[in-house]
Each structure stands twice: as C-alpha cells, then as structure tokens.
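Peer 1: can't give you the sequence, but here's the structure:
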C-alpha cells in the first residue's frame, strides 16, 4: 500500500465524515462524528459552525492522524452541505449560527423583493435558477436587514467547505459549483460574480465575496495555525472544496453529460451532468466540479429524515423499533402500501414546486394500515417526488443516460428498489458507499496531480432494475400523488399560517 495518503472530510446535515485513502482510491481509515441540527423556530435550520463544522474537522483529524507519519497526508479535500453560509468577523470567527440550505425558509420576503427589483426571468437566465429557499442571496439580505450590528462586523461569508479551507490555509475562496448556489450573485454562463447585483444583496459597504476557483484546484497550503489545530503538516496542499452532493457524484463516476446521481440521504438530491447550463425556474442550474461541464440539480426538503421522524414517533428510551425492523415490515407490504399515498412535504418542498408552506399528507389511512404500510408509504412518497423531478428534467430537454445510487439510504435495497419501480429507471450500484468524503480525497489528489480526472476509484458492482409489475401499479398511484398537492394546497397554506401563529 502507498505511504502517500489523501484526506477527505465532508460536513453533512447530521454527521461529519472523514476518510483517508491512497492515490488509487483504497480506503485506509474512516471516522464519523455526529452533530446537532438546530431548528430554533419554524422555517429556520442552523448549525453551530464552530463545533459542527470546524470542531468536527479537528476531531476527525485527531482520530485519523494519530500514530501516522508526519507529512503522510499529501493533500486535503473538503465538502459540506449547501448552499449555506456562516458570517465571520475579521478573525474568521462565526458571528452567528450558520443558515442552512433549502430546508431553511426564512427569507421568503427577501426572495419576493429581489425578484421585483432584479426581475425573475433575468435572474433565472443569468444565474441558472429562480430564487427559492435554496438560494443564499436572499438569506444574506435577511441577515443584513435583521441583524445589522452583526452584519457590520462581517468580513467573510463562508459556506461549510470554505470555512474549513479558510481555517486551514487563511485563504478566502469558493468553488464555482458552490458559488452557483449564491444566486442572484453568480453568473453560471460567465463563471463570475455579478458585481452589478451584489449591491442589492450586500449593500455598498458589505463584505467582499470569496475568490472563485474550480473544485479541482488547490486553494492554498495548511498554515502554521492550521497545523497546530489539526495535526496536519504545515505546507500540505488544500483543495478548494465543494458541496457534498457534487463530491459524492464525482466519487461514483458521474462525470459525463447524461450521468445522473441519486443521493439517498436526509434529503434526496439529484445531480445530472450536462454540457452547458440549461436555466429553468423549476430546478437548479449550476456549474459542476469539472471545468467545462454544468449540472441540472434537484432536491427534496425531506427524504431519509422522514424515516427517522417516524421511528422516533414509535417510541423513545430504547423502545423504538430498529430501522431493519421497519424495513422488514415495509418489505412485507405490497407496492402501493395497500392504498396509502403520502406527500413528503414535512418541511415544505424544494424542487420542482418550490413551496415552503407545503405540508405533509397521508391520504387513504384506514384502521387496517400498520407501521409497515406507513413506513413504505414514506419511502414511496420520496420515490414519487424523484419521478416528478425526473419528468421536469425531461421536459427541460435534458437526457438521463445512466443513473447511479449513493448515500446512506442505499444500505438496504428496499428504498432504491421502490425508486426504480416508481420511476422505471434502473440504478447502478457502486462498490463503495463511503460518501462525499471519498470524492473529497479524489479532488485533493486531482488538485496536486496525484489523481487523474478519469480515475476509476469506485467501479459499478450491480444494477437495481425496475420491476415491470410494480411499475404498472405505481403508474396508477403516481397520478393520485400528482393530483393530491394542488387539491390540498390551499388547506396546507392555511395550516402553515395557523401553525406559526401568523395572521390569516
């Protein structure tokens, strides 16, 4: 085994994971740390960046580097949830908790204001996406307007990966894939910040935006302070970083136009590689981590987190069933959960409906339905949402040539099989399910020339094929699913207002 190592660390919604690999992709060691997702009020989602981002990184380094030769790590790659940001002062210290991605819906008023001021269609065409709860720009405007004292002290605006790079190297950078989520501030066609629109969001005296890099480029080297905090050798190159979904897509060979990644996680995320930006307000248009390519991205607000929510409802203090118990119970239920259909909008919804006031629905419940039926209906709901997104992507004119599954939800075949059956799309299964941290190692190696872009680190081992009988059954139920949202939207919105105490 090579004595040269690559370190990759990914900050997720609920955990941070670190991996050490060789330059040919052999996994040497890995470690995972849990952290808290804070929901301080309805519609807000936050992280303590000092502990959940930087603290986790330091802890992972302490675990993975202990007993290893100084300087064995030849490059570092990082990724994180996004789009999100934490404001930091001149010393790089967080001024408030980080405001997270599309599950945080606090900036609805700012979205409407920027749409009116800049023009919704102009925003879509220039940035690749409409302004939604996924966009960083409206949340920066919310921060500027609602916390002016902190805003005046803000020197850095840092997504998760950029904070780690800044702490390690002192460099203030962002990769172009992550920057694509900072709309309306980033031009996906030109690959540059839109200076004319920055004032509308940041004000005339607001903080500067980070230096732009590709995720395949090095941002700098580990400083003396970074080395002291982490145990990494000073001078170790650090890649620019990126968003977790893109790093994971790269790690499983999603690189060519037509390649699709389905990420089964707390929230389901889709990345389709395309050869050029294809702006559409229903999805997110971004640049990819590979120069010269772009993405159509889509994602739900709740997916795997629904299974955790349901399991917790069934009992605490060790009385809740195991996930395997629930998977087994759902596996004994036929396709369609015997007439039960769920809308998975338990935290609003992102693509393609972009409705923060949407709410979850379980339709068709009877006294004969048990926990296996409900658990299966939750999984089927996410599959229906995937199909809705894939139909939207097809309507845009983009082609899916192959699909690869990744993420923690693939540990059992039940969920991916349901998605294959509902969508009719076969899914390739890679040999390694390490996650985005493996892609971070690959990006680190690419940045210093130890790894090539076409390296095959994670070959496909098998395929989950759609079952035609189940697909025919789901075709009928999918029609009910699509009708259910418009039929209940007014009631959802009324309940959303009542649930937050807002006036009618």
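Peer 2: Noted; the coordinates are in hand. As the structure is a prediction and not an experimental result, all values here were calculated from the model.
Peer 1: help me confirm that residue 49 comes into contact with residue 94.
Peer 2: Yes - taking contacts as Cβ atoms under 8 Å, residue 49 lies within contact range of residue 94: 4.6 Å. (C-beta placed from N, C-alpha, C; glycine too.)
Peer 1: mind checking which of those two has more residues around it?
Peer 2: residue 49 (27 against 20; other Cβ atoms under 10 Å).
Peer 1: which residues sit in contact with the more buried one?
Peer 2: 86, 94, 97-98, 158, 160, 163 (Cβ atoms under 8 Å, 6 or more residues apart in numbering).
Peer 1: nearest to residue 462, out of these: which one, please.
Peer 2: residue 160 (32.6 Å; Cβ to Cβ).
Peer 1: for that closest one, which non-adjacent residue is spatially closest?
Peer 2: When the adjacent residues along the chain are set aside, residue 160 lies closest to residue 80, with 2.6 Å between them (Cβ to Cβ, 6 or more residues apart in numbering).
Peer 1: same check on residue 466?
Peer 2: residue 420 (4.4 Å).
Peer 1: pull the number of nearby residues for the one you found.
Peer 2: 25.
Peer 1: that one against residue 414, yeah?
Peer 2: No - here residue 420 does not reach residue 414: they are 10.9 Å apart, not a contact under Cβ under 8 Å.
Peer 1: related to what we said a few turns ago, between residue 49 and residue 94, what contacts are shared?
Peer 2: With Cβ under 8 Å, 6+ apart as the test, residue 49 and residue 94 both reach 86, 163.
Peer 1: how about the secondary structure of residue 245?
Peer 2: Under the three-state scheme (DSSP: H, G, I helix; E, B strand; the rest coil), residue 245 adopts helix.
Peer 1: which element is residue 452 on?
Peer 2: Of the helices and strands defined by DSSP states H and E, none includes residue 452.
Peer 1: separation between it and residue 23?
Peer 2: 10 Å (Cβ to Cβ, to the nearest Å).
Peer 1: of those two, give the one with the bigger neighbour count.
Peer 2: Higher neighbour count among residue 452 and residue 23: residue 23, with 22 against 11, using other Cβ under 10 Å.
Peer 1: tell me if that one really is in a helix.
Peer 2: No - Residue 23: not assigned to a helix; according to three-state DSSP it is coil.
Peer 1: tell me, how many residues neighbour the closest residue to it other than its chain neighbours?
Peer 2: Closest residue to residue 23 apart from its sequence neighbours, by Cβ to Cβ, 6+ apart: residue 450 at 4.3 Å. Using other Cβ under 10 Å, residue 450 is surrounded by 20 other residues.
Peer 1: do residue 393 as well
Peer 2: By other Cβ under 10 Å, 24 other residues sit near residue 393.
Peer 1: need phi/psi at it.
Peer 2: Dihedral pair for residue 393: phi -60, psi -40, per degrees, to the nearest 10.
Peer 1: then the one 3 residues further on?
Peer 2: With angles defined as degrees, to the nearest 10, residue 396 shows backbone torsions of phi -70, psi -30.
Peer 1: nearest residue to it in space, please, no chain neighbours.
Peer 2: residue 280 (5.0 Å).
Peer 1: what's around the one you found, how many residues?
Peer 2: 21.
Peer 1: pretty sure residue 212 contacts residue 187?
Peer 2: No - shown here, residue 212 and residue 187 do not form a contact pair, counting by Cβ under 8 Å, at 10.7 Å.
Peer 1: neighbour count for those two, which is higher?
Peer 2: Neighbour count, other Cβ under 10 Å: between residue 212 and residue 187, residue 187 has more, with 21 against 17.
Peer 1: so the more buried one bridges to which residues?
Peer 2: Going by DSSP bridges, residue 187 is paired in beta bridges with residue 192.
Peer 1: can you show me the strands along the stretch 201-350 of the chain?
Peer 2: 211-213, 218-221, 237-239, 242-243, 259-263, 269-274, 284-287, 294-299, 341-343 (DSSP state E, counting those that start in this stretch).
Peer 1: most tightly surrounded among the ones you listed?
Peer 2: Mean neighbour count (mean count of other Cβ atoms under 10 Å) peaks for strand 242-243 among these, with a mean of 32.
Peer 1: how close does the residue nearest to residue 485 when sequence neighbours are not counted sit to residue 43?
Peer 2: Among residues not flanking residue 485 along the chain, residue 343 sits closest, at 6.0 Å (Cβ to Cβ, 6+ apart). Going from residue 343 to residue 43 by Cβ to Cβ gives 18 Å.
Peer 1: same question, residue 428
Peer 2: According to Cβ to Cβ, residue 428 stands 37 Å off from residue 43.
Peer 1: ok, now residue 472?
Peer 2: Counting by Cβ to Cβ, the gap from residue 472 to residue 43 is 39 Å.
Peer 1: and the longest helix anywhere in the chain, what does it pack onto?
Peer 2: Determined from DSSP state H, the single longest helix within the chain is helix 468-500. Judged by 3 or more Cβ pairs under 8 Å, 6 or more residues apart in numbering; DSSP states H and E, helix 468-500 is in contact with strand 341-343, strand 361-363, helix 371-396, helix 414-423.
Peer 1: contacts for stretch 135-153?
Peer 2: 83-85, 87, 89-90, 95-96, 99, 104, 106-107, 109-111, 113-114, 129, 131, 157, 159, 181-185, 200-203, 206.
Peer 1: so what pLDDT did residue 301 get?
Peer 2: Here the pLDDT value assigned to residue 301 is 89.
Peer 1: could you report the neighbour count for the closest residue to it other than its chain neighbours?
Peer 2: Nearest in space to residue 301, with sequence neighbours left out and distances taken as Cβ to Cβ, 6+ apart, is residue 347 at 4.3 Å. A count of nearby residues for residue 347, using other Cβ under 10 Å, gives 26.
Peer 1: list the contacts of residue 347.
Peer 2: 103, 301-302, 305.
Peer 1: in a markdown table: those residues, plus distance to residue 34 and neighbour count.
Peer 2: A markdown table is the format used below for the contacts of residue 347 (distance: Cβ to Cβ, whole Å; neighbours: other Cβ atoms under 10 Å):
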| residue | distance to residue 34 | neighbour count |
| --- | --- | --- |
| 103 | 18 | 26 |
| 301 | 21 | 27 |
| 302 | 19 | 25 |
| 305 | 14 | 20 |
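Peer 1: now, which of these lie within helices?
Peer 2: Those of the contacts of residue 347 lying in helices (DSSP H): residue 305.
Peer 1: just give me the closest of the contacts of residue 347 to residue 221.
Peer 2: Closest to residue 221, out of all of the contacts of residue 347 and judged by Cβ to Cβ, is residue 103, at 34.6 Å.
Peer 1: need the contact list for the spatially closest residue to the closest one that is not a sequence neighbour.
Peer 2: In this structure, residue 103 finds its nearest non-sequential neighbour in residue 45, 4.5 Å apart by Cβ to Cβ, 6+ apart. Neighbouring residues of residue 45 by Cβ under 8 Å, 6+ apart: 37-39, 99-101, 103-104.
Peer 1: give me the subset of these lying in strands.
Peer 2: Among the contacts of residue 45, DSSP state E puts residue 99 in strands.
Peer 1: how about the helices in the stretch 101-250 of the chain?
Peer 2: Ranges of helices in the stretch 101-250 of the chain, per DSSP state H, counting those that start in this stretch, are 108-118, 120-127, 136-146, 148-152, 160-169, 176-179, 195-202, 224-230, 244-251.
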